[in-house]
Each structure stands twice: as structure tokens, then as C-alpha cells.
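Peer 1: what's the 3D shape of this:
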Amino acid sequence: MTHLRIIGSVIVAVGVMLTALSGPVSAATPAEAQVTDVELVPVDGARFEVRDRAYGGTIVVRSVDEGLFLGEIVGLDDYLAGIREVPYSWPMESLAAQVVAARTYLAYQLRGGRSGREAEYGYDICATSACQVYAGAGVVDTEGGDRWLEAVERTRGEILMWNGRPAETVFSSSAGSRTRANQDIWGGTPIPYLQPVDSPEEGVSPWAEWSFGVDPEAFVEILHADGYDVSGRLRGIRVDDPGEGNGPIELIVDTDGGSVRIPATKLKGAMNREAGRLYPGAFPARREDGRRLPQSLPSYTYEIEYDRGVADDAERFLPSDREIPRSLVRIEGEGWGHGVGLSQWGARAMAERGADYREILAHYYGGLEPVDGGEFVPDRLVVGLGWGKTLLSVDATGPFELRVNGRPSGPVMSGGLWTFLDGGDRVIVIPPIPLLEQLRAFLSGWWPR
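Peer 2: Below you'll find the predicted structure:
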């Protein structure tokens with residue numbers, strides 16, 4: 001027997017019948033099953049709005065160790081239609097290349113099976129840039145969405161294969177003049193189709209080249225805040241570069257407190273975590289045109305040097321009307337992102353020069369060409385939209401079926417705002433009620449969705 005306790009205008013589901021009650025419900029009896037998994041299954045094309053994004057698949061709310069998990073069960077093409085990685089106004093061939101890269105990356109992820117948090121929470125791929133950006137059913141309703149849908153349909157089922165399995169088709173926004181080798185960024189064994197190639201982004205990508213300076217005291221403070229054993233005055237920065245294709249570059253940072261070796265890739269994370277927090281007005285730095293860089297340190301492809309300027313004890317020897325050179329840590333770089341595999345801006349540049357999507361993919365992925373994905377392309381998947389929430393609000397635009405712990409809980413619901421609370425080891429469900437709707441209207445933009 002399934003028992004669903006819902007607070008507010010209380011609803012209790014016994015078996016498959018959802019019955020409204022006018023009075024309060026007593027404490028749960030031992031016979032009541034804990035509600036750990038709730039599904040909202042759309043009927044007749046209904047959508048669900050969560051945090052200003054629309055979803056057309058089945059919404060899953062699940063009790064997990066970190067609070068509430070939110071996911072969506074969605075068909076493959078609907079998932080691809082919700083990918084929001086590049087502007088839809090870009091050339092069609094670059095869109096088609098992005099679709100194949102995204103479909104292949106998904107197939108690669110699924111082939112390895114669920115592990116870690118994926119296995120614990122029950123999803124296949126996350127919806128953020130940590131996997132690939134998925135924004136739901138509403139994105140194709142925006143201008144140019146029909147072009148993206150055309151690219152999805154045109155390349156239906158196509159993926160890139162390597163040695164009989166889906167390739168690891170990583171991609172990033174901009175590589176600058178040249179992509180990077182996987183072993184130079186992440187270490188490990190070289191992957192033949194993830195080796196450096198030229199990327200024709202000069203004059204096309206806004207991030208093809210960039211540079212900025214960091215005050216040496218600020219540089220030391222940023223590293224210290226990120227956990228590195230540095231202190232006092234910056235004495236120097238040396239670069240240990242094994243050469244392209246031979247592994248990660250390391251920085252040797254000398255301070256009064258001693259010397260530390262820092263992988264060049266780790267500096268990106270340290271800068272992006274701490275620079276803006278410690279110096280919000282200075283980072284991300286501004287370019288000559290006044291626009292800020294997309295991140296405090298946008299990519300792993302950069303050169304760094306410590307320009308000492310003029311020593312303090314030498315200032316008295318300079319004419320008073322002469323500008324004294326400042327000491328700076330100077331960083332000059334290219335691109336935005338990790339730079340391995342497909343460059344999205346590079347794909348756009350190639351498409352504008354007349355390359356089709358197959359040529360673009362072959363260029364960035366070591367000659368690989370699209371083939372039918374067959375068994376590696378799933379019919380549907382579970383997307384992890386978020387977790388660790390104490391409260392979730394789902395606004396149903398039309399009818400849906402409510403399932404509790406995998407079983408239907410009653411007749412089709414008519415829609416409305418449904419709220420879910422973290423009950424520790426269970427999901428507490430609040431149906432649409434007038435008081436809650438009034439509270440939501442009063443709080444307006446604050447109310448979580």
C-alpha cells in the first residue's frame with residue numbers, strides 16, 4: 001500500500017486514489033511508506049517550468065543525501081534540441097558539427113555507465129558546462145531555434161567512432177590559434193584524435209587573444225587563498241615547459257616563503273575561484289575595448305612572466321617627472337576553455353570559409369567522420385538538473401500524471417504550482433493551494449522555481 005503525505009491543503013494517496021482532506025493529518029503511522037521519489041509525467045504536451053526554464057519530459061524529484069535531486073527523463077532528440085552551446089544564428093555547418101559532437105559526447109558518457117554521483121542519484125549526464133549545457137525545451141522557441149532543430153534532424157543518429165566505440169568528443173568555446181593535446185591539459189596517455197591542430201580564429205573569435213596584468217602582491221594573495229604555500233614578496237616565476245605533446249606545463253613560483261610548483265592548468269582554477277572574490281573591481285580584467293574577459297583566467301593557453309619594474313631603492317635616482325614602471329605579473333593568452341578537441345569559434349570560422357560539418361569534425365578530431373551510432377545512441381536518458389536543494393517549485397502548464405515511488409498516485413492532475421521540500425529522508429509534497437499562490441505572488445522574483 002502506498003501512502004503519500006502532502007501538507008497544506010492536505011492530500012493523501014492510498015493505493016492509487018488521491019483524496020483531498022479538509023483537516024490536518026496525524027503523524028505518520030509505521031505502515032506508511034516514505035516518499036523518496038516523485039515523478040511528474042506530462043500529458044498532452046504539457047510543460048514544466050523550473051527556475052525560468054521549461055522542460056517537456058518527465059520531471060523527477062528525489063530524496064538524496066544532499067537534499068533534493070531534480071532531474072528530467074527525456075528523449076534523445078528532445079535532449080539534443082535543448083543543448084545551448086552556441087548561438088543559433090551561426091552558420092548551419094557549424095551547428096551540425098556541434099550537434100554531432102554533443103551526441104557523440106553523450107554516447108561516450110553513457111557507454112562508461114553511471115558512476116559516483118550519477119549512480120547515487122540515478123542520472124546519465126548533468127545539465128551544466130561540467131558535461132554540456134542543457135537548457136530544456138524552451139530554448140528552441142527562441143529566435144533561430146528552428147535552425148538548431150534542422151541541424152539535429154539532419155544529423156540524426158550520427159556520432160564519431162574510434163576503435164569501435166564512441167569517441168570522447170570534448171569541445172570548448174575558443175582555442176585561439178591552435179588547440180591543445182589532451183595529455184598536455186589533463187595528463188595521461190595521448191588520444192590520437194585529441195591532438196593539436198591549427199584553429200582559424202584570428203579576427204573571428206573575440207577571445208582569440210587577450211592579455212592583462214596582476215599586481216604581484218595580489219598574485220601571491222590569490223594563490224595563498226587557494227591553498228598554496230606562498231607568502232611575503234613575490235621573487236620570481238619560472239616556467240617548466242616539456243614541449244607540445246609531452247605533458248602538462250608547470251610554474252615555479254618563488255616567494256619569501258619559498259618555492260612551490262603549480263601545474264599551469266591549476267592556475268586557471270585558482271584565478272577563477274579567488275581573483276574576483278578578493279578583487280571584484282579588477283577581475284575579470286577589461287580589454288582595450290572596455291569589455292571584461294569572460295573569466296579571470298579564460299584558458300590554459302597562456303604565457304606568464306614577472307616584470308619587476310623598478311626596484312624601490314632605485315626610485316630616488318629617477319627624474320621626478322618620469323613615470324615609474326610598475327611591477328606586474330603579465331599574462332598573455334589565447335582562447336576560452338580547455339582548448340582540447342573542437343573549438344566552437346573555430347568551427348564557425350571554418351563554416352564561414354565554406355567547410356561542411358564533416359570537414360569541421362575531421363579537422364578537430366583527427367580525421368574522424370560521422371557514422372550511424374546504432375546501439376550507442378539511446379532512445380531516452382535522465383538529465384541531472386540539480387541537487388542539494390531544500391525547496392523546489394515546479395509549475396505545470398498543463399495536465400500530468402503524478403507517480404510516487406514509481407507507482408501512479410491517482411487521477412491526472414490539472415497543473416499548477418507544486419512545491420517540494422526536503423524532509424531529510426523523504427520528499428514532502430505541497431500541491432497548488434490558494435495561500436501558497438498568494439505567498440508566491442507576494443514574494444514574486446524571490447520565490448525559487
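Peer 1: First-to-last residue distance for stretch 363-379?
Peer 2: Distance between the boundary residues of stretch 363-379 (C-alpha to C-alpha, to the nearest Å) amounts to 29 Å.
Peer 1: for stretch 347-356, same thing?
Peer 2: First residue to last in stretch 347-356 (C-alpha to C-alpha) measures 10 Å.
Peer 1: And the contacts of it?
Peer 2: 86, 90-94, 96-98, 199-201, 204-205, 357, 359-360, 363-364 (C-beta atoms under 8 Å, 6 or more residues apart in numbering). Yep, even glycine has a C-beta here, placed from its N, CA and C like the rest.
Peer 1: Now do the buried residues in it.
Peer 2: A347, R348, A349, M350, A351, A355 (16 or more other C-beta atoms under 10 Å).
Peer 1: Quick check, central residue of this structure?
Peer 2: Nearest to the geometric centre of the chain sits S129, at 1.7 Å (C-alpha atoms, centre = their mean).
Peer 1: before we move on, back to that, turn the buried residues of stretch 347-356 into JSON lines, columns for pLDDT, distance to T142 and secondary structure.
Peer 2: Shown next, in JSON lines, are the buried residues of stretch 347-356 (pLDDT from 0 to 100; distance: C-beta to C-beta, whole Å; DSSP: H, G, I helix; E, B strand; the rest coil):
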{"residue": "A347", "pLDDT": "98", "distance to T142": "21", "secondary structure": "helix"}
{"residue": "R348", "pLDDT": "98", "distance to T142": "19", "secondary structure": "helix"}
{"residue": "A349", "pLDDT": "98", "distance to T142": "24", "secondary structure": "helix"}
{"residue": "M350", "pLDDT": "98", "distance to T142": "25", "secondary structure": "helix"}
{"residue": "A351", "pLDDT": "98", "distance to T142": "21", "secondary structure": "helix"}
{"residue": "A355", "pLDDT": "98", "distance to T142": "26", "secondary structure": "coil"}
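Peer 1: Mind telling me what element A97 is part of?
Peer 2: Take DSSP states H and E as the rule and A97 turns out to sit in helix 92-111.
Peer 1: Under the pLDDT cut-off, which ranges of this protein? List them.
Peer 2: For the chain, the stretches with pLDDT under 70 are 1-33, 310-325, 434-449.
Peer 1: quick one, helices of it?
Peer 2: Counting by DSSP state H, the chain has helices at residues 76-81, 92-111, 117-121, 145-154, 182-186, 216-225, 264-270, 276-278, 344-352, 357-364, 434-443.
Peer 1: now could you export just the CA positions of the third one as PDB?
Peer 2: What it means is helix 117-121. What follows is helix 117-121 as a C-alpha-only set of coordinates in PDB (Å, rounded to 0.1, in the frame of the first residue of the first chain):
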ATOM      1  CA  ARG A 117      27.100  10.900  -8.100                       C
ATOM      2  CA  GLU A 118      25.500   9.700 -11.300                       C
ATOM      3  CA  ALA A 119      25.000   6.300  -9.900                       C
ATOM      4  CA  GLU A 120      24.000   7.500  -6.500                       C
ATOM      5  CA  TYR A 121      21.300   9.900  -7.800                       C
END
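Peer 1: Apart from its neighbours in sequence, what residue is nearest I430?
Peer 2: T419 (4.1 Å; C-beta to C-beta, 6 or more residues apart in numbering).
Peer 1: Just give the number of residues close to that neighbour.
Peer 2: 22 (other C-beta atoms under 10 Å).
Peer 1: so it makes contact with L392?
Peer 2: Yes - assessed by C-beta atoms under 8 Å, T419 is found in contact with L392 at 7.1 Å.
Peer 1: okay, and the common contacts of these two?
Peer 2: Contacts common to T419 and L392, judged by C-beta under 8 Å, 6+ apart, are absent.
Peer 1: quick one, what contacts the closest residue to E250 other than its chain neighbours?
Peer 2: Among residues not flanking E250 along the chain, D240 sits closest, at 4.4 Å (C-beta to C-beta, 6+ apart). Each residue near D240 by C-beta under 8 Å, 6+ apart is listed here: I249, E250, L251, I252, R261.
Peer 1: Which positions in stretch 42-51 come out as buried?
Peer 2: Taking 16+ other C-beta under 10 Å as the criterion, stretch 42-51 shows P42, A46, R47, F48, E49, V50 as buried.
Peer 1: Just these: which are in strands?
Peer 2: P42, F48, E49, V50 (DSSP state E).
Peer 1: ok now stretch 90-105, how far from the chain's centre?
Peer 2: Distance of stretch 90-105 from the chain centroid (C-alpha atoms, centre = their mean, to the nearest Å) equals 17 Å.
Peer 1: Correction: the previous question concerned stretch 219-239.
Peer 2: Distance of stretch 219-239 from the chain centroid (C-alpha atoms, centre = their mean) equals 29 Å.
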